[in-house]
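A.B. asks: I'd like to go over a predicted model; first the sequence, then the structure.
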Amino acid sequence: MTEKVTATICSATQSPELARVAAQFAVAITPAMRALINAEDPHDPIAAQFVPSERELEINPGELADPIGDKAYSPVDGIVHRYPDRVLLKLAHVCAVYCRFCFRREQIGPTAHGLSADALETALSYIEAHKEIWEVILTGGDPLVLSDRRIAEVIARLNAIEHVKIIRIHTRIPVVNPARITPELIKVLRGHKPVYVLLHCNHARELTPEARAACARLVDAGIPMLSQSVLLRGVNDDAESLGDLMRAFVESRVKPHYLHQLDFARGTSHFRVPLAKVQDLMRRLRGHISGLCQPTLIIDIPGGAGKVPAGPVYVKPNGSDWTIEDYRGRPHAYSDRLKD
């Protein structure tokens with residue numbers, strides 16, 4: 001059920017090395033994102049995310065084709081059931097843009113095997129049969145590249161499953177193709193069960209006036225939005241860039257949710273930020289920007305063991321009491337012992 005993706009394809013034939021990158025990993029960028037690239041800046045954070053690089057051919061030890069273990073937790077095609085009360089439903093295997101750091105970069109792309117009608121039926125039957133499933137997360141690829149009709153069909157089926165209470169959609173579309181967020185699409189998303197949209201965005205410049213307007217259309221329709229971002233070297237790995245991004249989310253009525261430590265996808269080591277630096281960046285956000293702007297730093301444990309929070313620790317045991325650091329790094333004694 002793959003739809004044609006309208007996107008400007010980056011030229012990857014400038015060198016044999018870039019041709020090899022394009023042969024291994026899908027390449028595409030939308031006009032909205034292409035327009036944001038500053039061609040005179042060799043360190044442009046938008047270009048870094050979407051324009052292929054010869055560095056993607058460098059495969060480091062520990063990098064994996066399936067870094068978060070989707071395959072190990074896929075009981076049927078299109079379903080990933082890693083946590084007890086929720087599943088991923090991977091509707092599409094294509095995206096409007098292809099991020100150069102994507103953790104599913106070897107499973108998606110225009111030539112990837114899409115989810116057939118029979119496979120979709122099997123996936124929905126799996127959800128129907130497992131009454132512990134409270135939430136279904138539509139992902140892929142990007143589910144919003146599909147037609148309104150196909151999205152409506154899936155949401156209608158999920159709405160009819162009594163034990164499914166929440167539908168979540170993971171997407172980049174409001175940023176990379178804001179015009180796709182039409183009244184017709186919003187009507188499809190508004191059902192009798194809550195739909196949450198999680199927006200993937202990594203730099204404040206991506207939240208253009210058009211992107212903010214697209215977010216506003218969703219939020220004004222009663223569809224809550226949260227963010228997920230990836231910590232990327234050369235894109236958002238400084239306190240100013242990260243703070244600007246989180247404030248831009250809040251200004252757009254998108255609640256900061258997850259900040260992902262980069263997964264160990266093959267050919268992505270040039271984007272990786274050491275965990276100690278990431279934790280320091282989180283400390284520099286705390287207290288310096290609004291609590292509304294604080295994301296949760298997350299590591300997806302390689303192999304499929306799941307996500308865990310990985311932020312800095314402010315409260316440490318001290319004998320039978322505690323020492324608490326404030327946002328400036330100053331220690332404070334704290335006791336929660338009750339007196340008889």
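C.D. replies: Happy to help now that I have it.

A.B. asks: how about residue 239, nearest residue that isn't a chain neighbour?
C.D. replies: The shortest distance from residue 239 to any non-neighbouring residue, by CB to CB, 6 or more residues apart in numbering, is to residue 284 (4.2 Å). To be clear about C-beta, it is placed using only N, CA and C from the backbone, and glycine gets the same treatment.

A.B. asks: number of nearby residues for that neighbour?
C.D. replies: Residue 284 is flanked by 17 other residues according to other CB atoms under 10 Å.

A.B. asks: and it, which helix or strand is it part of?
C.D. replies: helix 275-285 (DSSP states H and E).

A.B. asks: would you mark the buried spots in the helix or strand that that helix is followed by?
C.D. replies: Later in the chain than helix 275-285, the nearest helix or strand by DSSP H and E is strand 296-301. By neighbour count with 16 or more other CB atoms under 10 Å, strand 296-301 contains the buried residues 297-300.

A.B. asks: same deal with stretch 190-198?
C.D. replies: Within stretch 190-198, the residues that qualify as buried by neighbour count (16+ other CB under 10 Å) are 195-198.

A.B. asks: counting neighbours, what do you get for residue 216?
C.D. replies: The number of residues packed near residue 216 is 15, by other CB under 10 Å.

A.B. asks: and it, what helix or strand is that in?
C.D. replies: Secondary structure assigned from DSSP H and E places residue 216 in helix 209-220.

A.B. asks: go through that helix and flag the buried ones.
C.D. replies: Neighbour-count burial for helix 209-220, with 16+ other CB under 10 Å as criterion, is recorded at 210-212, 214-215, 217-218.

A.B. asks: same question for stretch 165-177.
C.D. replies: When neighbours are counted by 16+ other CB under 10 Å, the buried residues of stretch 165-177 are found to be 167-177.

A.B. asks: now do the contacts for the residue nearest to residue 267 when sequence neighbours are not counted.
C.D. replies: In space, and not counting its chain neighbours, residue 267 is closest to residue 56: 3.9 Å by CB to CB, 6+ apart. Contacts for residue 56 (CB atoms under 8 Å, 6 or more residues apart in numbering) come out as 21, 24-25, 100, 267-268.

A.B. asks: could you measure from residue 56 over to residue 201?
C.D. replies: Separation of residue 56 from residue 201 (CB to CB, to the nearest Å) stands at 22 Å.

A.B. asks: three-state assignment of residue 97?
C.D. replies: coil (DSSP: H, G, I helix; E, B strand; the rest coil).

A.B. asks: wait, doesn't it sit right on residue 175?
C.D. replies: No - no contact is recorded between residue 97 and residue 175 when judged using CB atoms under 8 Å, the distance being 9.1 Å.

A.B. asks: could you count how many residues lie near residue 304?
C.D. replies: By the criterion of other CB under 10 Å, residue 304 has 17 neighbours.

A.B. asks: still on that earlier bit, list the buried residues for the helix holding residue 284?
C.D. replies: Neighbour-count burial for helix 275-285 flags 278-279, 281-285 (criterion: 16+ other CB under 10 Å).

A.B. asks: which one of those is nearest residue 237?
C.D. replies: Looking at those and their distance to residue 237, the nearest is residue 281, at 7.0 Å (CB to CB).
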